[in-house]
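1. Structure here, sequence nowhere to be found:
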Ligand code: NA
Ligand code: NA
């Protein structure tokens, strides 16, 4: 909203929340960044163990699959916060302002609901599978769906913040509501 | 009815601007609910979509590409290409294509290719008097080489979407000749356009300088040797080779080139995670979407429909090409590979098309889609790098589309282009 | 009712034919009341995923190997102990007796009722270097195993280097030498083409893991007694067909690979292999003390 500035009170209300959300996103970036480095290193260790030591570390394969879950779902949540996911903006950009508004709000509501479903059903799946163990690393199967659960919760949170910002006229997407 | 919901809701979400990955997820989960299937299974499919060991190579190829870019390997490849082919008319255009070919041989994705080379080459080209649209056009279209020339994470996605019967290393081999052929077509287009616009050539720097630039590029070029050599000699698998590409790139840029700073490393890690999670969440959600397509028997029905429409294999292949081109214009590559492979591959094999050749057809087609409006991540990045509005870039891009199209037709109708090399080395 | 069924195998495989027969018999015996639509070739997901889908009620029917059921129902994991069965007929005697009932009970509690048992033959070692006759031959060998602590423990106790690896990577890895060997039954050894790159097949028969035709527990319990009987009957008839086709398939696979020049050898004395498994059994029974009676029951079955 460039034509009329957002009320002062509103930005005061959002600023601390934005700080918290940015902090969560930063934490996710650190976790996923460490994960991708660890992933690379343990694969190096896998090949070294099998080829040089003739003792294959049998845990690498399953551990790597878990790390990819972390990178994917936490990374995807950060992507929602920062608007870096691939989407088709063409229709939105071409639409008149009132329609554009509907598009953006619907899309954020869709993401909010999907994030909520990820959280609920991810939690159910985690509980359902907690009892059985992942072979070769002896960790609960439920860990596999935990990143999806947490990522879902964060996506819900970030989408909710987008909606609040739209209401306050402070949306960050460059092509949406100007 | 359920199928209509699945496809309709997906289209709605895309038009509304929901990220494509989540559009796939939302429509799939809605179809699960509509059919009375447990919603938990919808999310199981999303997790299982990426609970696949071969996919592990994707973060590695992306990470390696980022390290090579931020650590200065890409720049040295450009120097070498410039010394080697810069003296031709319209030299920097051809240097651009040749650099993409070299960089494509060590990086796994088109977007890595374009952000690495575009940010180096486009400013240089502008400075030397080339028009911005020409610079962007060449960079954007030649970046597809990263997909066709191995290694390529999109090939891994194709192998997985094809249902596991495809050897990734053989698929990699199949991409070498089509990739080079496509680059030759593009170089020809770059030459013709350069001549018509009257661009000058670079002065040949002399054999000494060529040798020097080659020496500088060797550690970077060795990445390809290490990946291919390591796989062929049995030290590691294709998946593991990706990790070695990343480890090697790290060591070379840190110790040999000494150009990798802690800041650069952090940037490389951050953008690797961003790209990886973007691609993987697409694959994950496409897993749930594909489950519902199978549930509605869409692949079987498409085969029946296409083969009853006509029994002329050339016509069917052309129809598949047209469908892929149109879809490629509006959607992104990874999602389309995952959706289209199970649908079109059975049609193609029923016509006697080899799955490895079909992979090349699919990848070139969708690669072209990456360079077209309205949705084309290569075009987006290229225009951002060249600071050029998209409509301006696209106005003069058609000779390059034509070049890729010619390559596509050759690959479609001459199986030997794709199949000779894997046949020779891996009978 | 409209049911959906999962099977991982391709068209023409014994299990695929038998599952199609099951669908046909089911419709016939229930007077058209139950229609089963089969999804072959694993198109609805991997085996562990499909097991979960049947447990959750997303699918009604599945043809599963007991190997991946082991981590879910502890009783079913017993069949993954190396050399627990003397041979395939012994396995069927166990499954059709008290042992099978115990396993079925454990599975039913986790949402899977086994309706009938399918044959998956015996798994033996193969590699590209030499015939295996004694545990010493396995020493230092990189052997690909499936994801199960019992299988990796087995190779480790024989002195080899167990290397878990995705199935899709095994062919290339055998060819280039990333791994030296692997283990599987005759039909898989043949259909995967592994025999082309690992030409020694040694009949260790160390793992005899049956398959089951399973149904979701709630779906099964919701049927009337007549329906239950009809479903069970159809399953038994399909199992009889599967076992017959399996035997033929094993023979033809063996013929094919031997014609291709594969060296096969019987292992004259398997006792050293069996004795080497003592630590695997010990560790397993220590972790699962309540399964000791079942293991002893199987070993005592004639
Ligand atoms: Na490449
Ligand atoms: Na496009």
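-> Nice, thanks for sending it over. Remember, it's a predicted structure, so these values are computed and weren't measured experimentally. Ligands and ions are numbered 1, 2, ... in the order given.
2. which parts of stretch B:235-254 are buried?
-> B:235-250, B:252-254 (16 or more other C-beta atoms under 10 Å in any protein chain shown). For the C-beta atoms, the positions are set from N, CA and C on the backbone; glycine is no exception.
3. Equivalent analysis for stretch C:109-117, please.
-> Of the residues in stretch C:109-117, C:110-117 count as buried by neighbour count, 16+ other C-beta under 10 Å.
4. same deal with stretch B:262-282?
-> Buried positions in stretch B:262-282, judged by neighbour count with 16+ other C-beta under 10 Å: B:264-265, B:268-282.
5. Tell me how far it lies from the chain's centre.
-> 17 Å (C-alpha atoms, centre = their mean, to the nearest Å).
6. cool, stretch B:326-336 as well?
-> Averaged C-alpha coordinates place stretch B:326-336 at 12 Å from its chain's average position (C-alpha atoms, centre = their mean).
7. Just the residues contacting that stretch, thanks.
-> Applying C-beta atoms under 8 Å, 6 or more residues apart in numbering or on different chains, the contact partners of stretch B:326-336 are A:86, A:88, B:14, B:20-21, B:24, B:110, B:147, B:154, B:157, B:279, B:282-283, B:286, B:324, B:340, B:365-370, B:372-377.
8. Nearest residue to the middle of chain A?
-> Note on chain A: the residue nearest the mean C-alpha position is residue A:77, at 1.2 Å, using C-alpha atoms, centre = their mean.
9. list the contacts for it?
-> Per C-beta under 8 Å, 6+ apart, neighbours of residue A:77: A:25, A:28, A:150-151, A:154-155, A:158.
10. That one is in what secondary structure piece?
-> helix A:60-82 (DSSP states H and E).
11. now do residue B:318
-> Counting by DSSP H and E, residue B:318 is part of helix B:313-330.
12. Next SSE downstream of that helix?
-> Downstream of helix B:313-330, the first helix or strand assigned by DSSP H and E is helix B:333-350.
13. Could you list the buried residues of that next one?
-> Buried-residue list, helix B:333-350, by 16+ other C-beta under 10 Å: B:333-348.
14. Kindly report the same for stretch C:214-234.
-> For stretch C:214-234, burial by neighbour count (16+ other C-beta under 10 Å) applies to C:214-217, C:219-220, C:223, C:227-228, C:230-232, C:234.
15. pLDDT and distance to ligand 2 for those residues - can I get that in TSV?
-> Shown next, in TSV, are those (pLDDT from 0 to 100; distance: C-beta to the ion, whole Å):
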residue	pLDDT	distance to ligand 2
C:214	96	45
C:215	97	47
C:216	96	44
C:217	96	48
C:219	96	46
C:220	96	50
C:223	95	52
C:227	94	53
C:228	95	55
C:230	95	54
C:231	95	51
C:232	95	55
C:234	96	51
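16. Inside helices: which ones of the residues you listed?
-> Secondary structure defined by DSSP state H assigns C:217, C:219-220, C:227-228, C:230-232, C:234 of the buried residues of stretch C:214-234 to helices.
17. For the residue of the stretch 101-250 of chain C found nearest ligand 1, grab the count of nearby residues.
-> Relative to ligand 1, the nearest point of the stretch 101-250 of chain C is residue C:172 (19.0 Å; C-beta to the ion). Neighbourhood size, residue C:172 [other C-beta atoms under 10 Å in any protein chain shown]: 20.
18. Now it. Its backbone dihedrals?
-> Note on residue C:172: its backbone torsions stand at phi -60, psi -40 [degrees, to the nearest 10].
19. For whichever residue of the stretch 201-350 of chain B sits closest to ligand 2, give its distance to ligand 1.
-> Per C-beta to the ion, residue B:329 is where the stretch 201-350 of chain B lies closest to ligand 2, at 4.6 Å. Remark: distance between residue B:329 and ligand 1 (C-beta to the ion, to the nearest Å) = 23 Å.
20. Tell me which stretches of the stretch 151-300 of chain B form helices.
-> For the stretch 151-300 of chain B, helices defined by DSSP state H, counting those that start in this stretch occupy the ranges B:153-161, B:168-197, B:207-232, B:238-251, B:262-295, B:298-309.
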